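Novice: I would like the atomic coordinates for the input below:
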Amino acid sequence: MKKHIKHIVLALGLVLANACTLDLREDPNAVQPNQALPNLLLNSMQRNLGGLFNTFSTFGMQMTRLQNSGGSLYDNVYTPQSFDGVWTTAYAVILKDADELIKTADANGLARHAGMSRVITAYTLLLLVDHFGNVPFSQAFKGSANFNPEVDQASSLYTVALNLLDKAKEDLNTPTIPNGGYLNGTAPAPVDQFYANNYSRWTRLANTLKLKIHLNLRHEAPAASTTAINALIADVSATGGLISAANENFVFRYGSTIVDPDNRHPRFTATYVAGSGNYQSNWLMWQMFHGYGATQGGQPGDPRMRFYFYRQRNSNSSDPNEIRCVVQAIPDHYPTTTGTALLLNAKAGMPPGIDPDPANPAWTRTFCFPTDRGYWGRDHVDPQGIPPDGFARTMWGAYPSGGRFDANVNGNVNQNLGMRGAGIQPILMRANVQFMLAEAALYLGTTGSARTYFENGIRFSMADVRAWTVNGTFGIGGASPTEATTIETFYPAATYTTDVNNYVTLALAAYDAQVGNDNIMDYIAREHWIASFGCGVEAYNLYRRTGLPNGMQPTIIGTPGSFPRTFWYPANFANLNGSVDQKANLSGKVFWDQKVKDLDF
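Specialist: Here you go, the predicted structure:
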């Protein structure tokens, strides 16, 4: 009996001894990062990058009038809590997973995994720097060794990103070594949700992110930026090239599955499932409807309008119970006309692409309703409450959110319409690249013609918007639900091509009429801004870097305070990290934002 008791005591002692080594900060039921398979970590990073981009894009679109935002003053459009989600996703998921995966990949010859992870890390780091300024990185991911990582200078993190991209290119292009080594020939291939294991496209993405960095640095270091951008343009080697073809666009794709899991575009599920959701930007719809006097299918407007927006109504309401602004006077600080003279906002200036004739009806539509055709959104930073207009307001269209093409059906939305949520996140498109190159050529004198890049940017945007909604793919992966039949019937390819050519002719005529780089850039910025629908990240950078396009719609309140040059630190960072203080206001700029222009309107 005593022998059995000794055995029991000994076993219990061993259990207790082992228990003492258990790290109680880790969930014993969860797979820890250093135990996860490389492809599981890479899958998680890619999936979460789509969601991270979507939220950051919303912030950027709201500030640049690509999407409506609520609030009344710039300081209260968002709170520090508004950014907790992106902070957690960036640090606790994407960057943490990447940190673990890169260590594993480098140690085991998983070079392709490492290269993709470094590109995603660099892009995530750029998102954090460009939106918050100084953020932690060098002291992050140390666990209990440092619960209060200090922030790094934003400029130093740009250097970190460039170094990551250079190493990623090496990872993505090193040849296979049969029996282990830097690229282990027996290593499993990464599961690639972006480029289907085409590493030359990942390489072009890395180069394009370097272009993005050096363009942002053009005020800070113009000579270095010029040299770096020219080198990127000139590099025709196997590790050279920028995103230039449709199947090289950096997009995250969604499906149309409703449950287990719901893999539809988040903007679709926020609006088509139950109605309501986001308000579209009146200013973007105004600009697209009236710009250059262009037409789409015989009606006024940019050829992309019916792809961007779906109208649930085809006429404007006069009922103040539905839309209160119909009985309100236009704010005094809004652009308008007396019939014989334009009255512009002094800070905003003249919007490019709009006929300045005071008799132009566009100038009577700068508030409340942007057209006479039922486009129903809201004005910039509108503090009104929400009336019962969920099945009246204009919704996301087929591009990029996987909604419905506007073929004048104008019925209420539901989740079985259009592309049924099979949209994309247009993270970095070939059109963005052309407009970036136009800006660089104009201000830095880099290789190529700014005018040619300008034209290419418009044409690439027009082509990709239609191609996605008709084909459901950019040449990668299986086709998704499309609006092909509706589009080809209502807006045939030949008609669309004619309208696009006419639009380009009008845009180039306006471009050619400008004198001086800033006036030319106003038109480059206008087209880059419109092409960035769904990509608020690039629109927000463009607006701060150039202060353009001019003539943006003011807030409803005439004195809104400081435009957010960066955003609040997230509450879960500022409140819990003892090494950092919350920002006093939103006027502090990221280091590369050196354009002296007042955006506080």
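
Novice: Can you report how many residues lie near Glu100?
Specialist: Residues lying near Glu100 (other Cβ atoms under 10 Å) number 19. In this view, the C-beta of every residue, glycine as well, is placed from N, C-alpha and C.

Novice: Wait, Met63 touches Leu542, no?
Specialist: No. Using Cβ atoms under 8 Å, Met63 is not in contact with Leu542; the gap is 11.4 Å.

Novice: Just give me the neighbour total for Ile94.
Specialist: By other Cβ under 10 Å, 26 other residues sit near Ile94.

Novice: Might one say that Leu542 is in contact with Ser532?
Specialist: Yes. Under the contact definition of Cβ under 8 Å, Leu542 touches Ser532, with a separation of 7.3 Å.

Novice: Quick check: which ranges of the protein have low pLDDT?
Specialist: Low-confidence segments of the chain (pLDDT under 70): 1-36, 178-181, 475-479.

Novice: And it, split by domain according to the record?
Specialist: According to automatic domain parsing, the chain comprises the domains 36-242, 266-553.

Novice: Give me the buried positions along stretch 569-581.
Specialist: By 16 or more other Cβ atoms under 10 Å, the buried positions in stretch 569-581 come out as 569-574, 577, 580.

Novice: Mind listing residues that contact that stretch?
Specialist: Stretch 569-581 is contacted by residues 79-81, 83-84, 86-88, 132, 136, 147-151, 568, 582-583 when judged by Cβ atoms under 8 Å, 6 or more residues apart in numbering.

Novice: Mind doing that once more with 10 Å?
Specialist: Residues from elsewhere that reach stretch 569-581 (Cβ atoms under 10 Å, 6 or more residues apart in numbering): 79-88, 90-92, 132-136, 139, 146-151, 568, 582-583.

Novice: what separates it from the chain centre, distance-wise?
Specialist: Chain-centre distance of stretch 569-581: 25 Å, with Cα atoms, centre = their mean, to the nearest Å.

Novice: Can you dump the C-alpha atoms of it in CSV for me?
Specialist: Provided in CSV are the C-alpha atoms of stretch 569-581 (Å, rounded to 0.1, in the frame of the first residue of the first chain):
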residue,chain,number,x,y,z
TYR,A,569,-3.2,56.8,-31.9
PRO,A,570,-5.5,53.8,-31.1
ALA,A,571,-6.8,53.8,-27.6
ASN,A,572,-5.5,50.3,-26.9
PHE,A,573,-2.0,51.6,-27.7
ALA,A,574,-2.1,55.1,-26.1
ASN,A,575,-3.8,54.0,-22.9
LEU,A,576,-1.8,50.8,-22.3
ASN,A,577,1.7,51.6,-23.5
GLY,A,578,3.5,53.7,-20.9
SER,A,579,6.1,55.0,-23.4
VAL,A,580,3.6,57.0,-25.6
ASP,A,581,1.2,59.8,-25.1
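
Novice: thinking again about what came up before, any chance of CSV for the buried residues of stretch 569-581, columns secondary structure and distance to His265?
Specialist: Supplementary listing: the buried residues of stretch 569-581 in CSV, determined by DSSP: H, G, I helix; E, B strand; the rest coil; distance: Cβ to Cβ, whole Å:
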residue, secondary structure, distance to His265
Tyr569, coil, 29
Pro570, coil, 25
Ala571, helix, 28
Asn572, helix, 27
Phe573, helix, 28
Ala574, helix, 31
Asn577, coil, 33
Val580, coil, 34
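
Novice: any idea which of the residues you listed is closest to Ser244?
Specialist: Closest approach to Ser244 among the buried residues of stretch 569-581 (Cβ to Cβ): Pro570, at 36.1 Å.

Novice: Angles on the backbone of the closest one, please.
Specialist: Here is the backbone geometry of Pro570 (degrees, to the nearest 10): phi -60, psi 150.

Novice: Identify the residues contacting Asn148.
Specialist: By Cβ under 10 Å, 6+ apart, the contact list for Asn148 reads 136, 139, 576-580.

Novice: What is the nearest of those to Asp319?
Specialist: Leu576 (48.0 Å).

Novice: tell me, how many neighbours does Arg47 end up with?
Specialist: That count, for Arg47 with other Cβ under 10 Å as the rule, works out to 16.

Novice: Which residue, other than its chain neighbours, is closest to it?
Specialist: Counting by Cβ to Cβ, 6 or more residues apart in numbering, Gln193 is the residue found nearest to Arg47 once chain neighbours are left out, at 7.1 Å.

Novice: Can you tell me the closest non-neighbouring residue to the residue most central in space within the chain?
Specialist: Geometric centre of the chain, nearest residue: Cys535, 3.1 Å, by Cα atoms, centre = their mean. Counting by Cβ to Cβ, 6+ apart, Cys535 lies nearest to Pro426, which is 5.0 Å off, once chain neighbours are set aside.

Novice: Looks to me like Val251 is in a helix.
Specialist: No. Under DSSP: H, G, I helix; E, B strand; the rest coil, Val251 sits outside any helix and is assigned strand.

Novice: Look at it and say how many residues are nearby.
Specialist: As a burial measure, Val251 scores 27 neighbours (other Cβ under 10 Å).

Novice: quick one: the spatially closest residue to it that is not a sequence neighbour from Pro266, how far?
Specialist: Closest residue to Val251 apart from its sequence neighbours, by Cβ to Cβ, 6+ apart: Ile424 at 4.3 Å. Applying Cβ to Cβ, to the nearest Å, the value for Ile424 to Pro266 is 12 Å.

Novice: of these two, who's got more company?
Specialist: Neighbour totals were compared for Ile424 and Pro266, and Ile424 leads with 25 against 18 (other Cβ under 10 Å).

Novice: burial of Ala463, as a residue count?
Specialist: Neighbours around Ala463, by other Cβ under 10 Å: 16.

Novice: Please, where are all the helices along the stretch 351-500 of the chain?
Specialist: Here the stretch 351-500 of the chain has its helices, by DSSP state H, counting those that start in this stretch, at 430-444, 450-471, 484-490, 493-512.

Novice: now the stretch 151-300 of the chain
Specialist: Assigned helices in the stretch 151-300 of the chain, in chain order: 154-173, 199-216, 222-234, 266-271, 282-290 (criterion: DSSP H, counting those that start in this stretch).

Novice: my guess is Ala274 contacts Met395, does it?
Specialist: No. Assessed by Cβ atoms under 10 Å, Ala274 is found out of contact with Met395, at 11.8 Å.

Novice: Now do the shared contacts for those two.
Specialist: The contact sets of Ala274 and Met395 overlap at Val413 (Cβ under 10 Å, 6+ apart).

Novice: and the helix or strand encompassing Gln46, what does it pack onto?
Specialist: Assigned by DSSP states H and E, Gln46 belongs to helix 38-63. Helix 38-63 sits against helix 74-77, helix 84-88, helix 96-108, helix 111-132, strand 250-253, helix 266-271, strand 424-428, helix 536-546, with contacts defined as 3 or more Cβ pairs under 10 Å, 6 or more residues apart in numbering; DSSP states H and E.

Novice: could I get the ones you listed as JSON lines with distance to Arg526?
Specialist: Shown next, in JSON lines, are the helices and strands packed on helix 38-63 (distance: least, Cβ to Cβ, whole Å):
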{"stretch": "helix 74-77", "distance to Arg526": "23"}
{"stretch": "helix 84-88", "distance to Arg526": "28"}
{"stretch": "helix 96-108", "distance to Arg526": "36"}
{"stretch": "helix 111-132", "distance to Arg526": "21"}
{"stretch": "strand 250-253", "distance to Arg526": "23"}
{"stretch": "helix 266-271", "distance to Arg526": "24"}
{"stretch": "strand 424-428", "distance to Arg526": "18"}
{"stretch": "helix 536-546", "distance to Arg526": "10"}
